[in-house]
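J.: Give me the fold of what follows.
(chains A, B, C and D)
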Protein chains: 2
Amino acid sequence: MSEISKATLKRYPVYLKALRKLSEDGVKRVMSSQLSEYVDIKSTTIRRDFSLIGQLGKQGYGYDVDELIEIFARELGEEYDEKMILIGVGRLGTAILNYNNWNHVAGEIVCAFDLYPEKRSREPKVNVPVYHISQLKEKLPEGCEIAILCIPSGAQEIVNELHDLGVKGIVNFTREHFVLPEGMIKRDVDVVSVIQELVFEVNSMNQ
Amino acid sequence: MSEISKATLKRYPVYLKALRKLSEDGVKRVMSSQLSEYVDIKSTTIRRDFSLIGQLGKQGYGYDVDELIEIFARELGEEYDEKMILIGVGRLGTAILNYNNWNHVAGEIVCAFDLYPEKRSREPKVNVPVYHISQLKEKLPEGCEIAILCIPSGAQEIVNELHDLGVKGIVNFTREHFVLPEGMIKRDVDVVSVIQELVFEVNSMNQ
DNA sequence: TTAAATAAATGAAATTATTCACAATTTACC
DNA sequence: GGTAAATTGTGAATAATTTCATTTATTTAA
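T.: Numbering: from 1, shown residues only, chains lettered A, B, ... in the order given. Below you'll find the predicted structure:
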């Protein structure tokens, strides 16, 4: 499993999601062609992607759904049950805390940080401890490598501090610009950009 | 501007965002190398991307920031001021309605639909009219082409109906699987997948 | 006014990603 | 147990994307 391309990496979570759904529906066995229709990715791409992890299927048969789930879950780090933190408990932050579709699927948000921890903690929907930003160092959970950023400003400073504290990955909901320190990774979740892309594409369809 | 690749298309909103920020900071002129550091995309890729729209820069000088903003804003359809609808006014839906960073940047959410419109409308934070899902046909704004999907289940049915009503693009926050009707486009915004990707990458860094 | 420096534009090369085409393997059925 | 049908796995071909290297236009400074 030495070198898996970026493009393939992006598809793994898609496969896992689809496989989970299939398993829920009682499907025990799946062929690349079926999965292809399901996720709208060419079957040959699927097989290629799978083959990078190992020989997961059987010729003339297909893939065992639960086996695949187990493998992908492991590869995608579900067993680690990542301890994550959330920074910025505003509206969006709260929505994310409550969006518990993911709990123990992609890790767990252990605690949060904000400029007004007392006020935030009083909100009934905030279900984790909230500390003041200045306590980042003391309160950062042991081994925490991923932070979810939902603050309106001041991202750079916080990112730098997180870096110093050993955090490696940022899920960035901020629209602010910041320079990513060496050795960190980030993923942007930017609804505005997504909509813009879509608008652009829809409008080119119309022409 | 006949054929712009998918990869390039995804970068345009990133450029626009960065350029807006630079303009706010009083920057009038930018070179591809500066922008490159800013957005973490190779300068040569930036120049290539820009050149697909036209000759936007001047040799030996760079690009005029405000001029670029105007061009990209137009290309990305900001002038259309898309009328959008939101379906599913739960926690996430409400957060999106309130996340007004984007208003009139990427269009405008005109109204929303839900199974319990009365209850949702009473929420103080819901700032658009909420109609019952069954009223989709009557209440869909004239010319609406984009819908934001935030429902926990029943996506397929709604997507089909949207298709029949002429909606072309879906911003999908749902984790449910649905088959996209011919001629529709969707973009998934899936926090769980994003986190999984990140966890996977962070953990491969560690090895 | 001219030369040197700068930086965009772009054809060509390199890299990355997808798809084809078929051999290899397994299942299912007789 | 053997054979036909099905489906994976993968080397090779193709396509898409990025990067290099050069050319061209513009600015700046003498």
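J.: Show me the contact partners of stretch A:21-37.
T.: For stretch A:21-37, contacts defined as Cβ atoms under 8 Å, 6 or more residues apart in numbering or on different chains pick out A:15, A:18-19, A:38, A:41-44, A:46-47, A:50, A:57, A:61-66, A:68-69, B:176-177, B:179. C-betas here are computed from N, CA, C, even on glycine.
J.: near DNA strand D, which of those residues show up?
T.: Filtering the contacts of stretch A:21-37 for proximity to DNA strand D by Cβ under 7 Å from any atom of the strand leaves A:43-44, A:47, A:50, A:57, A:61-63.
J.: Can you narrow these down to the ones near chain B?
T.: Filtering these for proximity to chain B by Cβ under 8 Å from any Cβ of the partner chain leaves nothing.
J.: re the thing from before, among the contacts of stretch A:21-37, which are located in helices?
T.: Mapping the contacts of stretch A:21-37 onto helices (DSSP state H) picks out A:15, A:18-19, A:38, A:43-44, A:46-47, A:50, A:65-66, A:68-69.
J.: Can you add neighbour count and pLDDT and give those back as a markdown table?
T.: Formatted as a markdown table, the ones in helices among the contacts of stretch A:21-37 follow (neighbours: other Cβ atoms under 10 Å in any protein chain shown; pLDDT from 0 to 100):
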| residue | neighbour count | pLDDT |
| --- | --- | --- |
| A:Tyr15 | 20 | 94 |
| A:Ala18 | 21 | 92 |
| A:Leu19 | 25 | 93 |
| A:Tyr38 | 19 | 89 |
| A:Ser43 | 14 | 96 |
| A:Thr44 | 11 | 96 |
| A:Ile46 | 25 | 97 |
| A:Arg47 | 17 | 96 |
| A:Phe50 | 21 | 96 |
| A:Val65 | 21 | 95 |
| A:Asp66 | 15 | 94 |
| A:Leu68 | 23 | 95 |
| A:Ile69 | 17 | 94 |
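J.: Out of the residues you listed, flag the one nearest to DNA strand C.
T.: Closest to DNA strand C out of the ones in helices among the contacts of stretch A:21-37 is A:Thr44 (4.4 Å), distances taken as Cβ to the nearest atom of the strand.
J.: ok, the ones in helices among the contacts of stretch A:21-37 vs A:Val202, which is closest?
T.: The shortest approach to A:Val202 among these belongs to A:Tyr38, at 24.1 Å (Cβ to Cβ).
J.: surely that closest one meets B:Phe178?
T.: No. If you go by Cβ atoms under 8 Å, A:Tyr38 and B:Phe178 don't touch, sitting 10.3 Å apart.
J.: how about the lowest-mean-pLDDT helix or strand in chain A, does it reach chain B?
T.: Lowest by mean pLDDT, DSSP states H and E among the helices and strands of chain A is helix A:191-206, with a mean of 79. Yes. Counting by Cβ under 8 Å from any Cβ, chain B is contacted by helix A:191-206 at A:191-203, A:205.
J.: which SS class is A:Val27?
T.: Of the three states, A:Val27 takes coil under DSSP: H, G, I helix; E, B strand; the rest coil.
J.: What pLDDT does the model give it?
T.: pLDDT for A:Val27: 92.
J.: number of nearby residues for it?
T.: Residues lying near A:Val27 (other Cβ atoms under 10 Å in any protein chain shown) number 14.
J.: and it, how far is that from DNA strand C?
T.: 14 Å (Cβ to the nearest atom of the strand, to the nearest Å).
J.: And A:Lys186, by the same measure?
T.: Taken as Cβ to the nearest atom of the strand, the span from A:Lys186 to DNA strand C is 18 Å.
J.: That residue in helix, strand or coil?
T.: Put simply, A:Lys186 is strand when judged by three-state DSSP.
J.: can I see the domain layout of chain A?
T.: As assigned by automatic domain parsing, chain A contains the domains A:6-75, A:81-192.
J.: Show me where chain A has its strands.
T.: Counting by DSSP state E, chain A has strands at residues A:29-30, A:63-64, A:83-87, A:108-114, A:130-132, A:146-149, A:169-172, A:185-188.
J.: how about these in TSV, adding mean neighbour count?
T.: Shown next, in TSV, are those (neighbours: other Cβ atoms under 10 Å in any protein chain shown):
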stretch	mean neighbour count
strand A:29-30	18
strand A:63-64	18
strand A:83-87	23
strand A:108-114	21
strand A:130-132	19
strand A:146-149	24
strand A:169-172	24
strand A:185-188	16
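J.: hey, least reliable of these by pLDDT?
T.: Mean pLDDT is lowest for strand A:185-188 among these, at a mean of 89.
J.: Does chain B have contacts with that strand?
T.: Yes. Judged by Cβ under 8 Å from any Cβ, strand A:185-188 comes into contact with chain B at A:185-187.
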